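> how would this look folded up:
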Amino acid sequence: MAAQFVRYTPDVEDDAPDFDRDVQTVIENTGKYIAESVTAGGTGRALRDAHAKGYGLVRGEVEILAGLPPEYAQGIYATPGTHDALIRFSNGSPHAGADARLGAATGLALKMFDIPGPTLLEDEPDRGTFDYANINAPVFFCNTVEHYLFIQELFLNAPAYFSKGRPGAHRFYTEFVTGKGTLDQDNWAWDEFLAFLRVAKTPPANVLLSSYWTMGAVRHGDYIAKVRITPDPSSAAAVVRRTLDPTSAAEVFRPALEAELQERPYAFDIQVQLCTDLERMPVEDTTVEWPEQLSPSVTVAKLRLPQQDISGPENLEKMDALSFTPWRVTAEHAPLGNIMRARKEVYRRSSIERHKLNQQPRTEPRSADEVLGPAQ
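Coordinates of the predicted model:
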């Protein structure tokens with residue numbers, strides 16, 4: 001019997017009673033951190049409040065495949081064709097510095113060009129770009145903006161906790177579970193904490209060997225989905241620098257990425273997993289991994305990275321000037337759920353503040369060539 005995919009309706013999302021107030025507090029906390037990071041972050045520049053350290057800006061091309069089943073040929077995936085793209089690989093931490101200090105949570109932010117239709121960013125002219133901002137875990141460790149308030153504070157101050165060794169770590173974990181003492185014991189953040197441990201225990205690997213998921217659910221035209229960007233098996237098999245030891249040098253992830261792309265092209269599969277059961281594949285609970293047995297991920301596009309040279313400081317400078325947000329998408333691909341909804345204004349305001357402090361123009365490019373110059 002064919003799977004019955006859940007159709008999107010607005011009532012799949014919940015309305016949190018204090019959503020607007022809590023988002024405003026997150027924005028204020030984020031702005032304060034970004035401003036202070038100019039002097040405290042160690043780089044002399046304003047940092048992103050997450051994914052602060054980038055590993056490289058990579059040129060790519062997305063081929064949207066022909067012949068997809070109608071449930072998958074939705075939105076931008078209904079029209080086969082190729083689109084130039086840029087990819088930012090990054091560490092998930094809000095801090096910069098040696099790789100060993102930052103953990104193995106990584107991100108793949110993808111920007112596609114020449115996508116028709118306005119995005120959901122009402123204050124931004126239609127520039128024809130479409131973004132994903134994915135992480136290397138199928139779950140996330142926060143479900144509500146109320147919880148994000150104390151989790152954000154813990155993460156921004158994590159170095160101070162863990163610099164104190166085991167007692168500091170114990171305090172960090174205790175304050176995570178208890179919401180820094182604000183949660184009743186029956187409502188302690190155990191699900192979020194277990195999801196955090198899962199992400200934190202991700203073994204370090206070449207960023208070309210990780211899969212990257214949308215943090216929460218998104219619309220997929222008439223349906224509900226999560227989107228995964230996963231290594232093409234034949235490309236992954238060719239990677240030489242597979243297991244990385246962050247303690248072996250201050251920088252291990254960027255040099256490995258540079259070397260691989262100098263030697264050979266690479267490819268990822270862009271895959272869509274459609275929701276078939278809102279109980280077992282929830283929209284509002286990002287700590288739950290959607291089971292592949294209920295609905296396997298289906299490849300809808302190929303992301304190809306040509307052989308290229310991303311070495312040199314100019315690559316990092318161009319990467320730093322870009323903005324990525326899960327809300328730079330067309331309405332058919334709108335992010336879903338309270339945490340995803342919060343990212344819209346938080347990302348926009350943090351990007352504006354960071355660009356202002358770094359005296360960088362905040363203009364969405366129209367092509368990869370506009371950022372990196374013509375392909376060699």
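> which residues touch Gly179?
Residues near Gly179 by C-beta atoms under 8 Å, 6 or more residues apart in numbering: 147, 150, 188-189. Using the backbone N, CA and C atoms, a C-beta is placed for each residue, glycine as well.
> of those residues, just the buried ones, PyMOL syntax please.
PyMOL command restricting these to the buried ones, with burial defined by 16 or more other C-beta atoms under 10 Å:
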select buried, resi 147+150+189
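> helices - which of the contacts of Gly179 land there?
147, 150 (DSSP state H).
> including pLDDT and distance to Leu294, could the contacts of Gly179 go into TSV?
Formatted as TSV, those follow (pLDDT from 0 to 100; distance: C-beta to C-beta, whole Å):
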residue	pLDDT	distance to Leu294
His147	90	26
Phe150	92	32
Trp188	95	29
Ala189	95	26
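> now for the contacts of Gly179: which two are most distant?
Within the contacts of Gly179, Phe150 and Trp188 form the most distant pair, 11.8 Å apart (C-beta to C-beta).
> which residues in the stretch 51-200 of the chain form strands?
For the stretch 51-200 of the chain, the strands defined by DSSP state E, counting those that start in this stretch occupy 54-64, 81-91, 106-112, 130-135.
> other SSEs contacting the third one?
Taking 3 or more C-beta pairs under 8 Å, 6 or more residues apart in numbering; DSSP states H and E as the contact definition, the neighbouring helices and strands of strand 106-112 are strand 54-64, strand 81-91, strand 130-135, strand 212-213.
> now tabulate the ones you listed in TSV and tack on distance to Asp245.
Shown next, in TSV, are the helices and strands packed on strand 106-112 (distance: least, C-beta to C-beta, whole Å):
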stretch	distance to Asp245
strand 54-64	16
strand 81-91	15
strand 130-135	22
strand 212-213	22
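> so which of those strands is nearest Asp309?
Nearest to Asp309, of all the helices and strands packed on strand 106-112, is strand 54-64, at 10.3 Å by C-beta to C-beta.
> sheet-wise, list the partners of the closest one with their directions.
For strand 54-64, the paired strands and their directions (DSSP bridges) read strand 81-91 (antiparallel), strand 298-305 (antiparallel).
> in the protein, which helix has the most residues?
Longest among the helix segments of the chain by residue count, using DSSP H, is helix 19-40.
> identify each buried residue in that one, please.
Buried, per 16+ other C-beta under 10 Å, within helix 19-40: 19, 22-23, 26-27, 29-31, 33-34, 37.
> also stretch 54-72?
Buried residues in stretch 54-72, counted by 16+ other C-beta under 10 Å: 54-62, 64-65, 68, 71-72.
> let me know the closest of the residues you listed to Ile270.
Looking across these and measuring by C-beta to C-beta, the closest to Ile270 is Val62, at 7.0 Å.
> before we move on, back to that, any chance of TSV for the buried residues of stretch 54-72, columns pLDDT and distance to Arg48?
Below are those laid out as TSV (pLDDT from 0 to 100; distance: C-beta to C-beta, whole Å):
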residue	pLDDT	distance to Arg48
Gly54	96	9
Tyr55	97	13
Gly56	97	15
Leu57	98	14
Val58	98	18
Arg59	98	21
Gly60	98	21
Glu61	98	26
Val62	98	24
Ile64	98	29
Leu65	98	32
Leu68	98	34
Glu71	97	35
Tyr72	98	32
